[in-house]
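Enquirer: Here's a sequence, model it:
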Amino acid sequence: MSWIRPVATGCVFAVGIGASSFGVRFGVRAATAPNLITPNPTWARDVAPILYKNCTTCHHPGGAGPFSLLTYADAKRWGPQVVKVTESRYMPPWLPEPGHGDFADNRRLPDADLVLLKKWFEAGMPEGDAKAAPAAPVYDTTWQMGKPDLILKQAEPFTLPAGGTDVFRNFVFPYPLKDGHYIRAMEIRPGAPQVVHHANVLIDRTGSFRRQHPSRWRAGIPGMEILLDAGNTFDPDSHFLFWKPDTPALVEPEGMPWRLDAGNDLILNIHLKPSGKAETIDAEIGLYFTDKPPVKQPMLLQLDRDDALDIPASDKDFTVEDELTLPVDVEALGVYPHAHYLGKDMQAWATLPSGEKKWLVWIRDWDIDRQAVYRYTEPVQLPKGTVLHMRYVYDNSQANPRNPHDPPVRVRAGNRSEDEMAHLWLQVLPVDADPNAPDPRLRLEETWMRNRLRHTPNDRVSLYNLGAALAGEGKFAEAVPEFQQVLAAAPGDAETLTALGAALDGAGDWQGARTALVQVVGSLSAEKQQVCDARFDLASLDLRHEGLETAKSELNAELSACPRDAEAHELLARTDAQAGDLEGAEKELRETARLKPDAPQVHSELAQVLGQAGKLEPAIAEQQAALKLAPDDADGWNNLGVLEAYWKNAGRAWRFRACAQASAGSCAGAGESGAAGALMTGFSSDGAG
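Expert: Numbers count the residues shown, from 1 in each chain. Just a heads-up that it's a prediction; the model follows:
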């Protein structure tokens, strides 16, 4: 079954929340700010270190800032403005209140630095000994991390008008490679950084957004929030992926890369602010690969109250709240609060089972133009039973200088910047989970969706994803009514019918499942991929209940329409093997291995089929490939040892194949090990599915 992801694209998302990754500034050497306030501060000795550390990542030639602060002449020219915006704490951009969350990369200037800047300005902004100044940072105009392994380019340039309101646009970057890769780092070059407020990247696992806009995606699609079909595998959003002026290159922490596969798209949602002249947006995304798979699986969890946003004109203290109880132990790695122009006071905290209150973030004076993701210096430990809280206050009065309406008007939730949102995203990492239990993120997904349904009981996305989470946990009977409720509102919806079929099958009603799946296959309105998904599930049912030929017919029909479906090739291989067609099984498994080269079980299955066919040398090579991917697989090592032994005496090996098919024990009785007999039995039964 597919997963539907609600994606808040007005947010700033980052790759990786880890001690070594966030806010890396390549090619920059920044001096340390002084600890003491000198009586006669100068630019060279006192001011330059502050500016180089906190300001010039944006304020340099070609940077996103409106002017440079790299030289003494720059600093003197803009000195009055620098003092004004730092004293008011408008700059550097940092919204969280001190003492309400321990954040890494804290950009809040110490009070001593504010005093020093003001004393320097009042003294006439002296330069001091220029030779004593630290070396100015160097900002590379090309790729900060060197040439990427893959560069994705925007399909068509987009021209931002000289004037008008802010523009939110979604550009699709198809992943062009046939093989999948783990991504250890990403760098975004937006083309005209001076007009880009921020951008975030979404992973579209199924190309669903491009299919929704087949004739328009190349030019970019307007909008702030979109829905994506996340595909048949539970793969929740797990990383904050973003660009902002001081962080063009983002490096994953150890053990937390993300993956791209053939057929995936990246969607760049970009927030543009007209500058007074037309600008061309022609973005590029650079990707850096690693061959190391992730060993940590985080997840983005959301609290939200968009349903409660109906803010009367002139109301200056409109409040919404939400809470969610964690079903498993987690570590919180980062937080992202989000509202639009009416947001004022935004609080998030956790109440532990002990009653202890832990602040997650508090922003007293929200400003959408300075929003950011905030990562914690150390993971915040949140045990099972912890209650997450958010409380947002909105100001829709004329006293709010950011109010986009004058006079104020009634404002509701929506995707336009003049509408409102009430979102809190938290990146969490489940810990201390039972390795034999379902993915703990499924429990988090279930809890999240149930929480959304408390506020909006008929929300189809929440109902669907709740059903999918329950099915993923093996609670098929509980999943069925969730999908049925979706179908009550959207009769004939192909995606939901397929999911219902899978849930009914899991609950033991295979006839009901078949009825639902046949309805999708015969639908004239279903998309090609939806029909392929239904045919796959129908073939799985038929293989168990209707016979080999019916299953093969469905699989061949599916692969004719969707030839890159690796799971369908694998199931067809098992069907062929069960029918005794080893040549057909080998052909399908080789295609599966091409499509899923990093799946050890596929190489192991291929080794078994090759072994059955007497092709021992290539069988050994495939088993070795499986063990390279899964070196801790004890059964795999045992099978390799047996294959190696048989290769030395093929005739004797295949004499034992016959007795193994009759009785595994007879092989051991003939002088071979029980493991050998088990292996040969495996060639037959595993190959048959």
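Enquirer: show me what contacts the residue nearest to Ser275 when sequence neighbours are not counted?
Expert: Nearest residue to Ser275, sequence neighbours excluded (Cβ to Cβ, 6 or more residues apart in numbering): Val195, at 5.0 Å. For every residue, glycine as well, the C-beta is placed using N, CA and C. Val195 makes contact with Leu160, Leu272, Lys273, Pro274, Ser275, Glu279, Ile281 under the criterion Cβ atoms under 8 Å, 6 or more residues apart in numbering.
Enquirer: and what of Glu127?
Expert: Glu127 makes contacts with Thr42, Trp43, Ala44, Tyr72, Lys76, as judged by Cβ under 8 Å, 6+ apart.
Enquirer: Same question for Ala494.
Expert: So Ala494 contacts Val520, Ser523, Ser525, Ala526, Glu527, Gln530, Val531, Ala534 (Cβ under 8 Å, 6+ apart).
Enquirer: For the second one, which residues are in contact?
Expert: Ser523 makes contact with Gly492, Ala494, Gln530, Val531 under the criterion Cβ under 8 Å, 6+ apart.
Enquirer: Out of those, which end up buried?
Expert: Ala494, Gln530, Val531 (16 or more other Cβ atoms under 10 Å).
Enquirer: nearest to Arg107, of those?
Expert: Gln530 (46.5 Å; Cβ to Cβ).
Enquirer: Switch the contacts of Val195 over to JSON lines; also include pLDDT, distance to Asp179 and secondary structure.
Expert: Shown next, in JSON lines, are the contacts of Val195 (pLDDT from 0 to 100; distance: Cβ to Cβ, whole Å; DSSP: H, G, I helix; E, B strand; the rest coil):
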{"residue": "Leu160", "pLDDT": "95", "distance to Asp179": "36", "secondary structure": "strand"}
{"residue": "Leu272", "pLDDT": "90", "distance to Asp179": "34", "secondary structure": "strand"}
{"residue": "Lys273", "pLDDT": "86", "distance to Asp179": "39", "secondary structure": "coil"}
{"residue": "Pro274", "pLDDT": "90", "distance to Asp179": "41", "secondary structure": "coil"}
{"residue": "Ser275", "pLDDT": "87", "distance to Asp179": "41", "secondary structure": "coil"}
{"residue": "Glu279", "pLDDT": "94", "distance to Asp179": "36", "secondary structure": "strand"}
{"residue": "Ile281", "pLDDT": "95", "distance to Asp179": "30", "secondary structure": "strand"}
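Enquirer: Turn these into a markdown table, including distance to Glu622 and neighbour count.
Expert: Shown next, in a markdown table, are the contacts of Val195 (distance: Cβ to Cβ, whole Å; neighbours: other Cβ atoms under 10 Å):
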| residue | distance to Glu622 | neighbour count |
| --- | --- | --- |
| Leu160 | 53 | 22 |
| Leu272 | 51 | 21 |
| Lys273 | 55 | 15 |
| Pro274 | 58 | 16 |
| Ser275 | 58 | 14 |
| Glu279 | 54 | 21 |
| Ile281 | 47 | 23 |
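Enquirer: Quick one: those as a markdown table, columns for distance to Tyr392 too.
Expert: Below are these laid out as a markdown table (distance: Cβ to Cβ, whole Å):
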| residue | distance to Tyr392 |
| --- | --- |
| Leu160 | 30 |
| Leu272 | 26 |
| Lys273 | 24 |
| Pro274 | 28 |
| Ser275 | 31 |
| Glu279 | 33 |
| Ile281 | 31 |
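Enquirer: Nearest to Thr142, out of those residues: which one, please.
Expert: Ranked by distance to Thr142 (Cβ to Cβ), those are led by Ile281 at 18.6 Å.
Enquirer: you'd agree the closest one is up against Phe158?
Expert: Yes - between Ile281 and Phe158 there is a contact under Cβ atoms under 8 Å: 4.5 Å.
Enquirer: shared neighbours, the two?
Expert: With Cβ under 8 Å, 6+ apart as the test, Ile281 and Phe158 both reach Arg169.
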